[in-house]
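Enquirer: Got a sequence here, can you model it:
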Amino acid sequence: MFTYVVNSLPLFYSNIPGGARVQYQSIDLYSEVYFSYLLFIIPLYFFTPRIKQRFFLRSHIPQYKSNTIYTICVFMLFFFLFFGISGESIISSGGYGRGEVTSLGGFSEYYVVFTILGIIYSGGKKIKKGLIVFLTFIIVLKFMLYGGRIALVQMFLLFFLLFFDTNSRHFSLKTIIAIILLSFYILLVLACLRTRFIYYIKNGSVLKLLYAPFENDFMKTLSFAFGNQNDIVYASSVFTQYAEKIGLFARTKLFFYNCMALFLPYSLLPKDANIVFSIQKTFANTGGGTLISTYYYLFLGNFGSILIGSIIGLVIRRFYRVPKQSLLFVLIFMLFLYPRWFGYNQIALFKMTIFCYLFHLIVKKIIKYLRI
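Expert: Predicted coordinates for the structure are as follows:
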């Protein structure tokens, strides 16, 4: 959360813009973005409970034994592995965004539903869990070959929640700091590799690639680490300006479209229901990511930013006090999908959670009825 503020300090203190797009990069617009961001953070902090004793999410994850359901999960993971994404990878095209890529759209990321359910219905057997982990890792690796980095971060967060967040395996503060620094360095290396893949493969060695973040101007290289944050904050400023342009009625209509999109694909909704596509087509060129606080500012104004921060905080508080299984899936998805819903598209927080929970309920009913 803090990095989304740090990356804008040069603009506020030296009037130095960050990123290639500058049309909607102004102190006034960014101030509005960070004000709605603050309205999101305050209720989130207020409603999130103070942790009085160590709380391990993994201890609340159920374990069931169903060979049929487990097999279905494995089959679906193979399906996503072969059909989730295809086309020209960064190896064949020479870099990110240079080749033609086809995918299942947003549905291609739903493999995580079957990762979670596969582990739950593995009966606690290590071999079965290992196969699920292996298939998930291969799927994420394939996403990375097409330039997707966020899937890797989400996978690490998910596996931490499912396997390492225990009383015997929990990480110390020093270990967490070391992991953060190492992860930051890895993201720098990936940023270099992602943008100049052919250069480092043909003209460099492994050592040259490992040293890549420190070549030439380190501050320029460091901007790669915050390049994602720069794009997201800029996109948020475009959203903010767009909200002022279209008026209250259109914003309310977008909110209802967003609610309908929880259960329907965008292809069955009006074209302007896909907000990013609509903005790019009619207003300004921007990336796909936007802060969740800005999304709800677009929908409902400052009240929307306060509302979504309160909802997330209250869900965490409710589960901490009464750990019901219905809230377990919400919390798991909320935590490991954090990189996705916080700075890219907020609908992932709700849509994937609803899909996974409903699928889980249907599976339980089928098991109970057929006794499989």
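
Enquirer: what ranges do the strands span in the stretch 51-200 of the chain?
Expert: Counting by DSSP state E, counting those that start in this stretch, one finds strands in the stretch 51-200 of the chain at the ranges 85-87, 101-103.

Enquirer: Now the element after the one helix or strand in the chain whose mean pLDDT sits lowest, going C-ward?
Expert: Ranked by mean pLDDT, DSSP states H and E, the weakest helix or strand in the chain is helix 218-225, scoring a mean of 52. From helix 218-225 onward toward the C-terminus, using DSSP states H and E, the following helix or strand is helix 227-260.

Enquirer: Packing partners of the helix or strand that that following helix is followed by?
Expert: Following the chain from helix 227-260 toward its C-terminal end, the next helix or strand by DSSP H and E is helix 275-282. With contacts defined as 3 or more Cβ pairs under 8 Å, 6 or more residues apart in numbering; DSSP states H and E, helix 275-282 has these neighbours: helix 227-260. Quick note: C-beta positions are derived from backbone N, CA and C, even for glycine.

Enquirer: Now do the buried residues in the helix it packs on.
Expert: Residues of helix 227-260 classed as buried: 227-243, 246, 251, 254-255, 257-258 (neighbour count, 16 or more other Cβ atoms under 10 Å).

Enquirer: Report the separation between S236 and S293.
Expert: Between S236 and S293 the distance, using Cβ to Cβ, to the nearest Å, works out to 8 Å.

Enquirer: what do you get for N274?
Expert: N274 sits at a distance of 20 Å from S293 (criterion: Cβ to Cβ).

Enquirer: out of the two, which sits in the busier spot?
Expert: Under the neighbour definition other Cβ atoms under 10 Å, N274 and S293 were set side by side, and S293 has more, 28 against 18.

Enquirer: from memory E109 sits against A151, does it?
Expert: Yes - at 7.3 Å, E109 counts as touching A151 under the criterion of Cβ atoms under 8 Å.

Enquirer: hmm, who's touching stretch 115-133?
Expert: Residues outside stretch 115-133 that contact it (Cβ atoms under 8 Å, 6 or more residues apart in numbering): 61-66, 69-70, 73-74, 77, 135-136, 158-159, 162, 329, 332, 356, 359-360, 363.

Enquirer: Centre of the chain to that stretch, how far?
Expert: Averaged C-alpha coordinates place stretch 115-133 at 23 Å from its chain's average position (Cα atoms, centre = their mean, to the nearest Å).

Enquirer: What are the buried residues along it?
Expert: Within stretch 115-133, the residues that count as buried by 16+ other Cβ under 10 Å are 115-122, 128-129, 131-133.

Enquirer: I42: neighbour count?
Expert: Residues lying near I42 (other Cβ under 10 Å) number 15.

Enquirer: what sits against it?
Expert: 306, 309.

Enquirer: Which helix or which strand is home to it?
Expert: In the assignment (DSSP H and E), I42 maps to helix 27-47.

Enquirer: angle of that helix against helix 227-260?
Expert: Between the axis of helix 27-47 and that of helix 227-260 there is an angle of 70 degrees, by axes from the mean of the first three to the mean of the last three Cα atoms, to 10 degrees.

Enquirer: can I get the buried residues of stretch 115-133 in CSV with pLDDT and distance to F83?
Expert: Shown next, in CSV, are the buried residues of stretch 115-133 (pLDDT from 0 to 100; distance: Cβ to Cβ, whole Å):
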residue, pLDDT, distance to F83
T115, 90, 16
I116, 87, 20
L117, 87, 19
G118, 90, 18
I119, 89, 22
I120, 87, 24
Y121, 88, 23
S122, 89, 24
K128, 92, 23
K129, 91, 24
L131, 93, 19
I132, 92, 18
V133, 91, 21
